[in-house]
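In: Have a look at this prediction, sequence included:
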Amino acid sequence: MKTHAYLRAFLAGTFVPTLLLPLVLAVFVVVRLVLRVPVPIERGMIFPMALAPLAWALWNMLWVASHARTHLAIGLHGGLLPLLLMPAGAALATCLGVLHLGEYGATWFHACTVPYALIAPVFLCVLAGYYLLWKYAVGFLNRELEIE
């Protein structure tokens, strides 16, 4: 199974977010409907759910294409993805009026303010999570599909 390496990389990249995003959506539905948190989070969930698998797939294809030259570990490569996704998402949300950056924090949907002091540790946790998911899950799939 040595042909179509980029197709196999695309499929391996889409696998993890496709499994995780319905779980994340279920948690948000419980928070919104059962716990009655007054934040309209469903408006901000659909667009990222559509783009996350595509971003992971293209990022995995980029790793396959560049690995021979860069020799970058897959976990580190995957850990770099939030450095692109989160600022791009914040910029898009700001342009669409969903996110407002204030003096002390970011306000989502004019309802939920998150202080900047909390955003930084969450961002570091996201980086660590991406690193681990890419190192173990996507790396495993790449080895199984004989991409590496």
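Out: Perfect, thanks for sending it.
In: how close does the most centrally placed residue in the chain sit to residue 71?
Out: Taking Cα atoms, centre = their mean, the centroid of the chain lies closest to residue 52, which sits 5.6 Å from it. Note on residue 52: its distance to residue 71, by Cβ to Cβ, to the nearest Å, is 27 Å. To be clear about C-beta, it is placed using only N, CA and C from the backbone, and glycine gets the same treatment.
In: Now tell me what touches stretch 70-82 from outside.
Out: 55-56, 59, 62-63, 66, 123, 126-128, 130-136, 138-139, 142, 148 (Cβ atoms under 8 Å, 6 or more residues apart in numbering).
In: Okay, buried residues for it please.
Out: 74, 75, 77, 78, 79, 80, 81, 82 (16 or more other Cβ atoms under 10 Å).
In: among the contacts of stretch 70-82, which are in helices?
Out: 55-56, 59, 62-63, 66, 123, 126-128, 130-132, 139, 142 (DSSP state H).
In: right, and out of those, which lies closest to residue 35?
Out: residue 126 (22.7 Å; Cβ to Cβ).
In: For the closest one, give me its contacts.
Out: Neighbours of residue 126 in contact, by Cβ under 8 Å, 6+ apart: 82, 86.
In: Check residue 147 too.
Out: Residue 147 touches 5, 8, 9, 12, 64, counting by Cβ under 8 Å, 6+ apart.
In: would TSV of the residues you listed with distance to residue 28, neighbour count and secondary structure be doable?
Out: Putting the contacts of residue 147 into TSV (distance: Cβ to Cβ, whole Å; neighbours: other Cβ atoms under 10 Å; DSSP: H, G, I helix; E, B strand; the rest coil) gives the following:
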residue	distance to residue 28	neighbour count	secondary structure
5	35	17	helix
8	31	21	helix
9	29	25	helix
12	26	25	helix
64	32	19	helix
